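Novice: starting from these lines, generate the structure:
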Amino acid sequence: MSENLDLVRSLYAAWNRRDVDEWLSFLAPDIVFRPVPTFTDSQERRGLDAMRRWIAEWSEVWADDYTTHAESIREYGDAVIALLRFTGHARASGVEIGGGIFEVFRFRDGKIASVAHFTDRLEALEAVGLEE
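Specialist: Next comes the predicted model:
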């Protein structure tokens, strides 16, 4: 198994334990995070401080039952694409959500240098220079 796949699996494990410090330890200091452009919170974030603030904001919005599960994690050259399934409830409204996104990871010096979210598998593959 590759180091990059192990790194992504460890990142998800830390997320599901809600261990913010460990989760951040897998990210490069200048991490670039690009959420799905059509989502309500689609602001690009850069750096560990921005990611820590994003996690705090996320935790305020979603109830403690919010869970994620990596349905698949595959390596494509120097990138990893994961299909991440999620479920949970909004803290304030109680609205239930569920769905999936494709996360594209890029790496540098043993850390995650960037993460980009996509709702479409083909767009995720195109982001790593592949077609179906």
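Novice: okay, CA-based contacts and neighbour counts for the rest of this
Specialist: Will do.
Novice: and Asp19, how many neighbours?
Specialist: 12 (other CA atoms under 10 Å).
Novice: can you list the buried residues in the helix or strand containing Arg52?
Specialist: Arg52 belongs to helix 48-61 when assigned by DSSP states H and E. Within helix 48-61, the residues that qualify as buried are Leu48, Ala50, Met51, Ile55, counting by 16 or more other CA atoms under 10 Å.
Novice: any idea how far the third one lies from Asp120?
Specialist: The one in question is Met51. 24 Å (CA to CA, to the nearest Å).
Novice: contacts for the helix holding Arg52, please.
Specialist: With CA atoms under 8 Å, 6 or more residues apart in numbering as the test, helix 48-61 has contacts from Val20, Leu24, Leu27, Ala28, Pro29, Asp30, Ile31, Phe33, Arg45, Ala90, Arg91, Ala92.
Novice: circling back to that earlier point, distance to Val80 added to the buried residues of helix 48-61, as CSV?
Specialist: As requested, those are exported to CSV (distance: CA to CA, whole Å):
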residue, distance to Val80
Leu48, 20
Ala50, 22
Met51, 20
Ile55, 22
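Novice: show me the residue sitting in the middle of the protein in space.
Specialist: Taking CA atoms, centre = their mean, the centroid of the chain lies closest to Glu103, which sits 5.7 Å from it.
Novice: what's the helix or strand for it?
Specialist: Per DSSP H and E: strand 96-108 holds Glu103.
Novice: check Val8 too.
Specialist: If you go by DSSP H and E, Val8 is part of helix 3-16.
Novice: tilt between that helix and helix 48-61?
Specialist: On the basis of axes from the mean of the first three to the mean of the last three CA atoms, to 10 degrees, helix 3-16 is oriented at 40 degrees to helix 48-61.
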